[in-house]
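S.K.: Next one to model:
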Amino acid sequence: MKGCGFLYVRKGCGLLPYADGGSQESGSRAGTENIPGIVAMAAALKNNCDHLEENRKKITDLEKEFLHLLTETKIPFVRNGGLHTLPGLISLSFPGADGEAILHRMDLLGICISTGSACNSQDTEISHVLKAIDLDEEYAKGTIRVSLGKYNTAEDVEKIVIGLEKILR
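M.R.: This next block holds a predicted model:
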């Protein structure tokens, strides 16, 4: 099945061709464009841009509710990343916990999360990102990432918190 995507390239950045042999994309690649995919992607991009602020507010509200409910459990944790983070992308560290074990147990509950940092999702070692923010090793090993999006609900947030409480108690 053909896919579709776009790449924004700043003026002055030279790119080598992805695939030689054709003149598509100003000589950057060969092959037939996926016209239906391109049209669908453009429509989806426009739709998301038209609702950007509405989606940001919804995701931010879900994130606040998630952190409020998690705080109410009295389970110790730290939120990584400071005050300036992207809405819905939440890195949490639980002292003395094992992020990999949390991930697998949440998966058994039907909840998808990630471990570590986005730059290191396949490695079970403490990532260079977590080391760079001087996260204590006791916390770093218990790091997970929760991602919330425009299709998530308050019920989803509650389910995640209930799952974490069940696992971490």
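S.K.: Might you report the residue contacts of Thr32?
M.R.: For Thr32, the contact set (CB atoms under 8 Å, 6 or more residues apart in numbering) comprises Gln24. From N, CA and C alone the C-beta is placed, and that goes for glycine too.
S.K.: Relative to Val39, how far out is it?
M.R.: Using CB to CB, to the nearest Å, Thr32 is found at 15 Å from Val39.
S.K.: next one: Arg10
M.R.: 25 Å.
S.K.: quick one, which of these two is more surrounded?
M.R.: Higher neighbour count among Arg10 and Val39: Val39, with 11 against 5, using other CB atoms under 10 Å.
S.K.: which secondary structure elements does the helix or strand hosting Val161 contact?
M.R.: Val161 is part of helix 154-168 when elements are defined by DSSP states H and E. Helix 154-168 sits against helix 52-72, helix 99-108, with contacts defined as 3 or more CB pairs under 8 Å, 6 or more residues apart in numbering; DSSP states H and E.
S.K.: Where does the prediction get shaky in this protein?
M.R.: Low-confidence segments of the chain, defined by pLDDT under 70: 1, 18, 116-125.
S.K.: Can you report how many residues neighbour Ile113?
M.R.: 18.
S.K.: Now the helices and strands packed on helix 154-168 in a markdown table, please, with extra columns for distance to Ser147.
M.R.: Formatted as a markdown table, the helices and strands packed on helix 154-168 follow (distance: least, CB to CB, whole Å):
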| stretch | distance to Ser147 |
| --- | --- |
| helix 52-72 | 10 |
| helix 99-108 | 13 |
